[in-house]
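Peer 1: Sequence and predicted structure, then a few things I'm wondering about:
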Amino acid sequence: MDFREGVNVAFSAVVANKMRSVLTMLGIIIGVGAVIALMSIGRGVEKYVTDQFAGLGSNLLFIAPGQISDGPPTLRANPVRSLTLADMHAIADRSLVPHVSAAAADFQTRVTVSRAGKTVTVQANATTPEYPRVRNWKTTVGSYFSELDSDERQRVVLLGADTYKDLFPNNEYPID
């Protein structure tokens, strides 16, 4: 059987079995489409995750209190020592850690805040004056608190954009 005869046999089989041929082509089309869709979704997720990490900055290191242990979990309680401001200052000390350009402490919790009868629950960050430099954050209105504000334990609040919109729906100026 030569090539031409093989093509004729294949074509006549397709014509003789129209439904089977249509379903086979449909299966191939759906399969190829599914592979293309999954590859596109995978690349999109990969780009999203990469962009999220890039938003943190490629030169950031987060240190959290904790414990690493080998083996199975034990039944006894292992206390975890918290990090202190002294630890943060030691990390920021260039004579001790020469490649650190800035360090900031950050304690996060959820709090309920209210203004003019409107109540919202938000994430609150208790932090230090170096935080915006470490995170590369800019304020839109007003300024970040200073080292003097921190030393004098001034009560300073910075609102994120979403919290501002929730508490000041008429775009009022939030600073007294």
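Peer 2: Looks like it came in fine.
Peer 1: Could you tell me whether Phe11 really is in a helix?
Peer 2: Yes - the assignment for Phe11 by DSSP: H, G, I helix; E, B strand; the rest coil puts it in a helix.
Peer 1: helices or strands up against the lowest-mean-pLDDT helix or strand in the chain?
Peer 2: Least confident element among the helices and strands of the chain, by mean pLDDT, DSSP states H and E: helix 131-135 (a mean of 85). Under the contact criterion of 3 or more CB pairs under 8 Å, 6 or more residues apart in numbering; DSSP states H and E, helix 131-135 touches no helix or strand at all. (Glycine included, C-beta is placed from N, CA and C.)
Peer 1: what's in contact with the helix or strand following that helix?
Peer 2: On the C-terminal side of helix 131-135, the closest following helix or strand by DSSP states H and E is helix 147-151. With contacts defined as CB atoms under 8 Å, 6 or more residues apart in numbering, helix 147-151 is touched by Thr128, Pro129, Val156.
Peer 1: Domain parsing of the protein, as residue ranges.
Peer 2: Structural domains annotated on the chain: 3-56, 85-167, as defined by automatic domain parsing.
Peer 1: ends of the last one, how far apart?
Peer 2: Spelled out, that is domain 85-167. 32 Å (CA to CA, to the nearest Å).
Peer 1: thinking again about what came up before, reformat the domains of the chain as CSV; add distance to Phe62 and mean neighbour count.
Peer 2: Below are the domains of the chain laid out as CSV (distance: least, CB to CB, whole Å; neighbours: other CB atoms under 10 Å):
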stretch, distance to Phe62, mean neighbour count
domain 3-56, 8, 10
domain 85-167, 9, 12
